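> Any chance you can model this:
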Amino acid sequence: MDHSDEPYHNTLLCFTSPADFECDEHVGPRSVWSCGDGVQIVPWMRLPYQQIIMTGSDCSNFRNLNYICETSRYVAAWTLPNGMCEFSRNYDDPRFDGTTANMSSMEMCVYLLKCGLTDGFERDCPCGRNTSCYNLMISYCPNPQWIQYPNMGLIRPYVLTYYIAQKSYSDKTPAYFVFSGTIQCRGYRAVASTNMNITILSNHVPQYILSPYKDFYFCLNALIEKNTSVSIKYFPVTCWNDSRTFLNHSYNYIDICPNFQQCISAYRINDGDIDCPHGEDEKVEIATSPCAKIQRHRFQCSPLQKTCFPVRVLGTGERCTNKFDQYVYGTGKMINSISCKHRNDDGCRFLKTYVEESSKKEKNVSSIVHSIETIPHRFYCDSHWDVYPPTDEKREFCQEWTCRKQWFRCKTHQCIPLKYVCDGEWDCSDASDEQAIFSYKNVLDINQDIQNLSNIIEKNCKKPYLKQPYSNFCNISNEYPCLLANVTNPLDIKRNRPCINLALIGDGVYDCYGGLDERNTATGCQKRMKGFDFPCENRQYCIPNSRIRIQVADFPSGKNTLGSVVQYYDVNNVNMNLIPRYRQVFHEMPSDFGFDHNLTQVPILAVLRLHNLTSFRYYILYIQPNKTTINITSTPQECPHSTSLVLQNGIPAAFQYHRICRNDSLRVCFYDSIYLCICESDQKQAACFIHDLSLELCNRCVSGDMKMLMSSFVAFLLSMTINFNVYAYKSYSQYQLWRLHATNNEQVAKLIDFSHIAHQHKVNFWSEEFHIDLPIDVTVAPESIESFAKYLSSDELKIKYDIIMKDIGSIIEGQNLIYKVQSSSYYADDFAYDKYHPLEEIHAWIDKMVETYPSLATSFTVGQSYEKREMKGLKISSTKAAVKLDGTPVNAKKAVWWDGGIHAREWISPATNIYIAHALLSNYSVDPTITHIVDQFDYYILPVFNVDGYAYTWTKDRLWRKTRSPTSKPNCFGADPNRNWDYQWCEGGASRDPCDDTYCGSKAFSEIETVQVSKFIGDHRDTIVHYINFHSYSQLWMTPWGYTTKKPAQFKLQDDGSVQAVNALAAVFGTKYIHGNIGATIYVASGNTVDWTSGTANITFSYAVELRDTGEYGFLLPENQIIPTGKETLAGELALLKYIEGHVYA
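Numbers count the residues shown, from 1 in each chain. Here you go, the predicted model:
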């Protein structure tokens, strides 16, 4: 009944294609508007005149302009009698000749309005080109303050629009929207007439007219009449509960949208599209899936999250908490990277299976998810099982994989080094690098980048495989010789010809006795690649191939291990380098581990790496050549940093490393930024070698004698630990994020007081909002959890709290892992816009923008930071002169300043600056709105204000906030650069304790960074009219003052701009921002940036913006939120700039 069984398509090709099923546009979601030809556009483009959201495009057939062609912001057009648009200027409309001879006064009034809206588009327009139509309209219009256009309800049948006579129509939005008409609601018909005076002013357009739920608001309007007469039609209260389908079934209907005038099928519940006005259909938790009957056509996230997503939702954004809708089983493989062009190709078949299996109860992929996230990206599709089950080598997933140069691509799409081809060992799962290469018909085309491949195959493949066991029975060109499986007597080769077709290798079915043909696809004895393991009767027993056995016993760190990696090494006896031999990945801590080997000797060394997402532990194991079992019973030894061990006597540290071992008989190991050093058993010297944490292996001996190192291991078993903290990166393992709920002013006051000494108790306030009934987020160190909980529950406080994050460290490390292994899906100009970037990459991006857009972009430098880092920014400026609202050029173009990263841990703020800057540059001369707004202002963008602190968050402490200058306390560094400005400095909401996060500094402008920026802005104060200081988090758009709760004289002017911004922002994804002045919206914060820019630099339109989110992730906002944050913030800022333009260029 509501078309929920119809597929949804949206393609521009429909505009040029004949009518067909796939272009049936009326089944689209409510979040789009139909163009009538299969194309859907964003709903706000239905109102082509609106100035709230400045992005979007018209229908290809311009249906959104029908009957109001003159109101478009992007194109000049004239409305024809049939409602369609004419785009040829000086078009002669036969209905009008510019006189009143054949027109009534109202018709003449509307004609003049159209001439004014289009700058005299029609040939006979008496005004609009060079003269205003205002005076003529005053003369002809019966009521110049109420000019109805068009003469019908166009947006909805009950919404009429009215203009007023004015001198200029730079903003073509109607002045009034009047409710007058009727519509069916549930249980009644809603009626409104003009005498009811239900009028919406144009500045309330976002709330009512842009909403996809206009009918809902109309039906509930208190001023309408409700007609419940049985003689008229309206939606039944019970919807379809009293109806039957054509097959006499009841409709699958659940009344999920209270008071909604339309009925929706239960199949629309949790389908990824909001149908209820308040989103109830996407928030409800139902025990039984509402789409159970059609579940094989819908995607279910998990048994705990019973969604009913249609296939089109997959890959369009993370809606599943386990991310299965974005990544295949939550792994690094993105759903939208799977090519599905024809319904029966591999990609489409995989997606079909993926959707069908999503609702099966028996699926258990948690181990797959964890394991596959722990392997380096390069380990995918390399023919080795690095996880179990072997998702990293799944044929469907590897289809789009790209091989390295001069690597051989298997028929299974796996990639192997060229030297492995026909080397006697199967590497490809289907043996297409060995015997099966003869049935690999397009092998040369697939591997056309490899030179002389045909000669390699001829030389290395044909001759070795001409003589094989049973080769006299088989056709070697298309058959593989082996004893057959599934026969009574495999040895009776006369009856059971020992040959199988090469195409059967690696197909998942045992065709050869012992599963020899599935050696690279089947599971062996210990959940590993089968190889030459032999399965016995009914596969109940298994005989393993020869293997190394390492028994793990008395392992103190194994208890909390989430995953482990073993890397086996040999030693090159010529250059003494370590040679990686084999690698294994395990879920949790394995009880034992080993691997099949065909080496002449077992590897000498193994490195076991354990991790729990917040720290890494490494154990170096020496494998004695004649031993097969090693017991690990020694206590792990922590390796300190060398700076705490060397003498500061002018000798470079590395030259003193042997002395460390000689002077400390108990020293086992230590490290610096380059070397990991191990003291020899006789303590006479240190063996130091490069250890790259990102590679997860020890790859090159640098000093010392590797032979001596090996002999030392023979003398004693060395085990050691390298914590994440070893690399001087602060660990937040077991730190928790709590959300406090203050319910009275006394509680708020006590929390504010406590916030100034919180660091002494290892409690850190993330929230800058201290209000009744607003959540207050704090982090609590593990050693403070008990005492802080006791404090909150004390009689003087009695504050309740929720635990938002149980382990902040695991969140940080998980995001670090994703940063390393997950590729970008928004890549342009050699830059990943959906990833966070360290400072040097951001500065390189600025240079790239200057190189790519030389006519628009230049770089500038504010100065240097305390640690001598460059404070580098990007300037965007077009050569076109700015113009006033009446079109006359201005003498001097005004400027805008945006900065981010003033608080180092707020990574989303630099990322948002970068996204917006790129949007302006890349869309200039493409998007008319952006082109206009770039022409009107110069832009100074400082992506990272606090460069020292930001760099520190990448190398030392992810949650660092302040600058990095020394203070009066030896162990406390930096000041809050947003409390250090010389405007009401340190009067309130700031601390004088150098250890506090809100330390205001030893004096105003004590920080070189704030001095540099204030000087630059001061030097440009005559041109800068708009300033934004981007922060996170809380979703706030704020104005001065911050030092007091009082509002400045220009607050209304500033806050009206905030309203424009937050409304436009919310229209993109529905994200809600609060607006107001800083002191009243969060709390008093003196010496802040925007108070100075407004109070000293006289920049009226100064704002502090707190970006996403509201606390679910806080400062640890995931990378998948970067693009949505950028898009909605861009929309808000464009609307604000349009508002500012109207004031500074009036």
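> Which other helices and strands does the longest helix along the chain contact?
Once the chain is assigned using DSSP state H, the helix that runs over the most residues is helix 1122-1144. Applying 3 or more Cβ pairs under 8 Å, 6 or more residues apart in numbering; DSSP states H and E, one finds that helix 1122-1144 contacts helix 908-923, helix 928-936, strand 1024-1032, helix 1051-1069, strand 1101-1107. In this view, the C-beta of every residue, glycine as well, is placed from N, C-alpha and C.
> Give me the contact list for the longest one.
When you say that, I think you mean helix 1051-1069. Here helix 1051-1069 makes contact (Cβ atoms under 8 Å, 6 or more residues apart in numbering) with 44, 52-54, 206-207, 210, 1037-1040, 1048, 1071-1077, 1100-1103, 1124, 1127-1129, 1131-1136, 1138-1140, 1143.
> and with 7 Å instead?
44, 52-53, 206, 210, 1037, 1039, 1071-1073, 1075-1077, 1100-1101, 1103, 1124, 1127-1129, 1131-1136, 1139-1140 (Cβ atoms under 7 Å, 6 or more residues apart in numbering).
> And the second one, by the same measure?
Residues lying outside helix 928-936 but in contact with it, judged by Cβ under 7 Å, 6+ apart, are 54-55, 74, 876, 878, 880, 882, 919-920, 923-925, 1134, 1137, 1141.
> can you put the helices and strands packed on helix 1122-1144 in CSV and add distance to Cys995 and mean pLDDT?
Formatted as CSV, these follow (distance: least, Cβ to Cβ, whole Å; pLDDT from 0 to 100):
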stretch, distance to Cys995, mean pLDDT
helix 908-923, 24, 96
helix 928-936, 44, 95
strand 1024-1032, 22, 97
helix 1051-1069, 35, 95
strand 1101-1107, 24, 96
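> Give me the angle between the longest helix of the chain and strand 1024-1032.
Per axes from the mean of the first three to the mean of the last three Cα atoms, to 10 degrees, the angle that helix 1122-1144 makes with strand 1024-1032 is 150 degrees.
> Any regions of the stretch 301-450 of the chain where pLDDT drops low?
330-333, 346, 361-376, 388 (pLDDT under 70).
> Model confidence for Pro7, exactly?
Looking at Pro7, its pLDDT reads 60.
> make that Leu718, sorry
Leu718 is given a pLDDT of 26.
> Same check on Ser694?
Reading off the model, Ser694 has pLDDT 37.
> Over to Leu613?
pLDDT, Leu613: 43.
> go on, Glu1112?
86.
> Which of the helices or strands spans it?
Under the criterion DSSP states H and E, no helix or strand holds Glu1112.
> which residues sit in contact with it?
No contacts exist for Glu1112 under Cβ under 7 Å, 6+ apart.
> what does Val313 give?
With Cβ under 7 Å, 6+ apart, Val313 has these contacts: Gly272, Phe299, Arg319, Asp325.
> surely the third one meets Asp271?
No - contact criterion Cβ atoms under 7 Å: Arg319 and Asp271 do not qualify, at 10.0 Å.
> The two - which one has more neighbours?
Asp271 (25 against 20; other Cβ atoms under 10 Å).
> Helices of the stretch 701-850 of the chain, start to end?
Using DSSP state H, counting those that start in this stretch, the helices found in the stretch 701-850 of the chain span residues 706-715, 745-755, 785-792, 808-821, 839-852.
> Where do the domain boundaries of this protein fall?
Here the domain parsing of the chain from automatic domain parsing is 42-227, 550-727, 736-815, 833-1144.
> How far off centre is the third one?
Going by Cα atoms, centre = their mean, to the nearest Å, the spacing between the C-alpha centre of domain 736-815 and its chain's C-alpha centre is 28 Å.
> same check, this time on the first one
The chain centroid and the centroid of domain 42-227 are separated by 39 Å under Cα atoms, centre = their mean.
> ok, and the most crowded of the contacts of Val313?
Busiest of these [other Cβ under 10 Å] is Phe299, holding 27 neighbours.
> Return the members of the contacts of helix 1051-1069 classed as buried.
44, 52-53, 206, 210, 1037, 1039, 1071, 1073, 1075-1077, 1100-1101, 1103, 1127-1129, 1131-1136, 1139-1140 (16 or more other Cβ atoms under 10 Å).
> State the number of residues packed around Ile475.
One thing to correct before we go on: residue 475 is Asn, not Ile. 12.
> tell me which element it is part of?
Using DSSP H and E, no helix or strand contains Asn475.
> residue contacts, it?
Per Cβ under 7 Å, 6+ apart, neighbours of Asn475: none.
> And it, how far from Asn82?
73 Å (Cβ to Cβ, to the nearest Å).
> Equivalent analysis for Leu47, please.
21 Å.
> Between those two, tell me which one has more neighbours.
Leu47 (24 against 7).
> Quick check: which ranges of the stretch 801-950 of the chain have low pLDDT?
817-825.
> for the stretch 151-300 of the chain, same thing?
194-197, 199-210, 287.
> Just the C-alpha atoms of stretch 67-77, please, in CSV.
C-alpha atoms of stretch 67-77 as CSV (Å, rounded to 0.1, in the frame of the first residue of the first chain):
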residue,chain,number,x,y,z
TYR,A,67,5.2,27.5,-12.4
ILE,A,68,7.8,29.5,-10.4
CYS,A,69,10.7,29.6,-13.0
GLU,A,70,11.4,33.2,-12.1
THR,A,71,12.4,32.4,-8.6
SER,A,72,15.5,30.3,-9.3
ARG,A,73,18.7,31.4,-7.7
TYR,A,74,20.8,29.6,-10.4
VAL,A,75,19.2,30.2,-13.8
ALA,A,76,17.2,33.0,-15.4
ALA,A,77,13.9,31.7,-16.7
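> returning to that earlier point: format the domains of the chain as a markdown table; extra columns: distance to Phe235.
Formatted as a markdown table, those follow (distance: least, Cβ to Cβ, whole Å):
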| stretch | distance to Phe235 |
| --- | --- |
| domain 42-227 | 5 |
| domain 550-727 | 52 |
| domain 736-815 | 37 |
| domain 833-1144 | 25 |
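> Going by residue numbers, what spans are strands in the stretch 751-900 of the chain?
Using DSSP state E, counting those that start in this stretch, the strands found in the stretch 751-900 of the chain span residues 763-765, 775-780, 800-805, 827-828, 831-832, 857-864, 870-876, 894-899.
> Columns mean neighbour count and distance to Phe350 on top of those strands, output as a markdown table?
Listed next are the strands of the stretch 751-900 of the chain as a markdown table, based on neighbours: other Cβ atoms under 10 Å; distance: least, Cβ to Cβ, whole Å:
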| stretch | mean neighbour count | distance to Phe350 |
| --- | --- | --- |
| strand 763-765 | 20 | 46 |
| strand 775-780 | 22 | 41 |
| strand 800-805 | 15 | 35 |
| strand 827-828 | 12 | 24 |
| strand 831-832 | 18 | 26 |
| strand 857-864 | 16 | 43 |
| strand 870-876 | 21 | 42 |
| strand 894-899 | 23 | 43 |
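> residue contacts, Gly901?
Ser909, Pro910, Pro943, Val944, Phe945, Asn946, Tyr950.
> Top of those residues by number of neighbours, please.
Busiest of these [other Cβ under 10 Å] is Asn946, holding 33 neighbours.
> Compare the domains of the chain and give me the one nearest Ser289.
Among the domains of the chain, domain 833-1144 comes nearest to Ser289, with 24.9 Å by Cβ to Cβ.
> Can you get me the start-to-end distance on that closest one?
Distance between the two ends of domain 833-1144: 32 Å, counting by Cα to Cα, to the nearest Å.
> what does stretch 868-886 give?
First-to-last residue span, stretch 868-886, Cα to Cα: 47 Å.
> let's have the chain start at 31 instead
Done: numbering now begins at 31, and the last item shifts to stretch 898-916.
> which other residues reach it?
198, 200, 873, 876, 879, 886-895, 919-920, 923-924, 947, 950-951, 964-966, 968-972, 977-978, 981, 1039, 1042, 1172, 1175-1176.
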